[in-house]
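Chemist: give the three-dimensional model of this entry:
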Amino acid sequence: MKTSANENRESFLSRFTNSFAQWAFRWVPDALVFALILTVIVFLAGWGLTKHGPEQLVGDWMKGFWILLTFAMQMCLLMITGFIVGDSKYIKAGLLKMVDIPKTKTQTILFYSIFMCVVMWFHWGIGLMVAIIMGRAIAVKKKGLGIHYPFIAAISYVTALMSNGPSQAAQLLMATPGNFMEKAAGVIPLSQSVFDIKLLVTNLVLLITLPIILMAIAPKKEHAVEVDDATAAIFVPPPDPRVDKKSLPPAERLDRSFILPVLIGAAGVYGVAMAFGAKGLAALDLNMLNFILLVVGMILHGNSKSFVESVQRGTATVYGVIIQFPLYAGIFGMISFSGLAEVITRFFIDISTPATFTWIVFLYTGIIDFFVPSAGSKFVIEAPYILPAAKNLGVAYGDVLNAYTAGSLWVNMIQPFWALPILGAFRLKFKDILPYTFIGWAWMFIVMTVSLFLFPKLF
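Modeler: Model prediction:
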């Protein structure tokens, strides 16, 4: 019996991606371990390439160690507030109803892909929550349509390529007054980064093409493996028991009261409206986004008890930021205060031109992201030299920020770190979704290469 060319290609891709997944899990250390390794590498580089000796470099390290506490807190809130909104019962109920809208396999894949692209663009943290809620519901409710179960999880992750939007750390941070690079690069409003026409068109291309590509690579019904009954039972939680509030003590009734959260939330909404009325889009920065999500989450949860319980669940997502940011701040100190930033800046200037710099940043930050899989953490390391290099070459800061974030999103498709919440929720391994995310990785490279070289000439 002859094997078709399509089956051969699928077999080769499957073997390649499985081998790559096994290599990544075997050899890529935890992000904290790499932060420690990178600390040593930067120390040795500073010792060899600058005038600072070991004692001075240790001083530089300690000088920078606590310089990013504000940014760390802002990043923690960005992750927690996004989780809170996605974790509210009204959002969950609405998402479950939306799953019922598409009726066929094709409709379901297209609907889910497009919807997730839009949500991921708005806020990647909310996107992860929505992906888990809707993806698991699709696996259960659409059982029988022939949708490959790991492919549903892959859609949840591939659509994160669209999340170069108003929730990304680098753009939001540089739009926030008082950021750690303000003296070197100033405040860069989102109108020059996230809402720049070149990035908007790039995201539009991804919004159109990603669902089409996902449809094209979806396994056929006869090859689909659907969720088993035992896993499906776990995905359908029992309804919350009804509580007779009259039987509760006064303190607990107050915990469950909607009056204070809704009142405070309404005041927050009014404040946000005033800020945008006065400043327009310029009012949106890292602090403002966190404030918006906080008050929206408070309103959606409707009572203090539900809100606090959601916060408690959300804090599990930020342990890495809490412990790693001081280490990256120490690395920032050695790079900035030793003169190493100037050395690396000169290297980037020497290998770049104004036309190639953003593409080089895209590739470089993608490579670094494989080992430091956090756009916020990594920006602390790269900003001291990529932004001065951009200034020297005459490249717009906003374009560099967008290329930096795109590089992180690109390599996330072959790096398992940010896939772990989805993999855990779906009870899968990275090798189960890698054949599909690998194709997303390849397509993102093509789109960004065209965007970074062609779009500056058109817009």
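
Chemist: centre-most residue in this structure?
Modeler: residue 124 (4.8 Å; CA atoms, centre = their mean).

Chemist: excluding chain neighbours, what is closest to that residue?
Modeler: Spatial nearest neighbour of residue 124, chain neighbours left out: residue 163 (3.9 Å); criterion: CB to CB, 6 or more residues apart in numbering. Every residue, glycine included, has its C-beta placed from N, CA and C.

Chemist: would you mark the buried spots in stretch 311-324?
Modeler: Neighbour counts using 16 or more other CB atoms under 10 Å place 311, 314, 317-318, 320-321, 324 of stretch 311-324 among the buried residues.

Chemist: likewise for stretch 189-208?
Modeler: The neighbour-count check on stretch 189-208 (16+ other CB under 10 Å) flags 189-190, 192-196, 198-199, 202-203, 206-207 as buried.

Chemist: turn the residues you listed into TSV, including distance to residue 446.
Modeler: Shown next, in TSV, are the buried residues of stretch 189-208 (distance: CB to CB, whole Å):
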residue	distance to residue 446
189	30
190	26
192	25
193	22
194	22
195	24
196	20
198	16
199	16
202	12
203	15
206	11
207	16
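
Chemist: quick check: residue 387 vs residue 182, distance?
Modeler: Using CB to CB, to the nearest Å, residue 387 is found at 11 Å from residue 182.

Chemist: okay, those two: which has more neighbours?
Modeler: residue 387 (24 against 14; other CB atoms under 10 Å).

Chemist: now do the same contact list for the more buried one.
Modeler: Residue 387 makes contacts with 181, 184-185, 397, 400, as judged by CB atoms under 8 Å, 6 or more residues apart in numbering.

Chemist: which one of the residues you listed has the most neighbours?
Modeler: In terms of neighbour count, residue 400 stands highest of the contacts of residue 387 at 28 neighbours, by other CB under 10 Å.

Chemist: which helix or which strand is home to that one?
Modeler: Using DSSP states H and E, residue 400 sits within helix 397-412.

Chemist: on contacts alone, who are the packing partners of that helix?
Modeler: Applying 3 or more CB pairs under 8 Å, 6 or more residues apart in numbering; DSSP states H and E, one finds that helix 397-412 makes contact with helix 169-174, helix 197-217, helix 357-369, helix 375-393, helix 430-458.

Chemist: winner for burial among these?
Modeler: Burial of the helices and strands packed on helix 397-412 is given as mean neighbour count (mean count of other CB atoms under 10 Å); helix 169-174 ranks first at a mean of 27.

Chemist: quick one: list the elements packing against the helix or strand following that one.
Modeler: As assigned by DSSP H and E, the chain's next helix or strand after helix 169-174 is helix 182-185. In terms of contacts (3+ CB pairs under 8 Å, 6+ apart), helix 182-185 is packed against helix 375-393.

Chemist: only C-alpha atoms, please: export the helix it packs on in PDB.
Modeler: In PDB, the C-alpha atoms belonging to helix 375-393 read as follows (Å, rounded to 0.1, in the frame of the first residue of the first chain):
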ATOM      1  CA  ALA A 375       8.500  40.200  27.200                       C
ATOM      2  CA  GLY A 376       8.400  42.300  30.300                       C
ATOM      3  CA  SER A 377      11.500  40.800  31.900                       C
ATOM      4  CA  LYS A 378      13.500  40.700  28.700                       C
ATOM      5  CA  PHE A 379      12.700  44.300  27.900                       C
ATOM      6  CA  VAL A 380      14.600  45.300  31.000                       C
ATOM      7  CA  ILE A 381      17.700  43.600  29.500                       C
ATOM      8  CA  GLU A 382      17.300  44.800  25.900                       C
ATOM      9  CA  ALA A 383      16.000  48.400  26.300                       C
ATOM     10  CA  PRO A 384      19.300  50.000  27.500                       C
ATOM     11  CA  TYR A 385      20.900  49.200  24.100                       C
ATOM     12  CA  ILE A 386      18.200  48.700  21.500                       C
ATOM     13  CA  LEU A 387      16.500  52.100  22.100                       C
ATOM     14  CA  PRO A 388      19.800  54.100  22.000                       C
ATOM     15  CA  ALA A 389      20.800  52.200  18.800                       C
ATOM     16  CA  ALA A 390      17.400  53.100  17.300                       C
ATOM     17  CA  LYS A 391      18.000  56.700  18.100                       C
ATOM     18  CA  ASN A 392      21.500  56.700  16.500                       C
ATOM     19  CA  LEU A 393      20.100  55.000  13.400                       C
END
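
Chemist: quick one: mean pLDDT over that helix.
Modeler: If you average the pLDDT over helix 375-393, you get 91.

Chemist: test my guess that residue 131 contacts residue 115.
Modeler: No: between residue 131 and residue 115 there is no contact under CB atoms under 8 Å: 9.9 Å.

Chemist: pick out whichever of those two has more residues nearby.
Modeler: More crowded of residue 131 and residue 115, by other CB under 10 Å: residue 131, with 28 against 20.

Chemist: show the contacting residues for the more buried one.
Modeler: 116, 155-157, 159, 422 are the contacts of residue 131 under CB under 8 Å, 6+ apart.

Chemist: could you do residue 88 as well?
Modeler: Residue 88 sits next to 297, 300-301, 306, 310 when contact means CB under 8 Å, 6+ apart.

Chemist: can you rerun that using 10 Å?
Modeler: Residue 88 is in contact with 94, 129, 296-302, 306-307, 310, counting by CB atoms under 10 Å, 6 or more residues apart in numbering.

Chemist: now swap in residue 284 and tell me
Modeler: 166, 172, 175-176, 189-191, 194-195, 272, 275-276, 292.

Chemist: could I get the contacts of residue 88 as TSV with neighbour count, secondary structure and distance to residue 347?
Modeler: Output for the contacts of residue 88, formatted as TSV (neighbours: other CB atoms under 10 Å; DSSP: H, G, I helix; E, B strand; the rest coil; distance: CB to CB, whole Å):
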residue	neighbour count	secondary structure	distance to residue 347
94	11	helix	50
129	25	helix	40
296	19	helix	44
297	27	helix	44
298	25	helix	48
299	21	helix	50
300	21	helix	48
301	26	helix	49
302	19	coil	54
306	22	helix	52
307	22	helix	48
310	21	helix	46
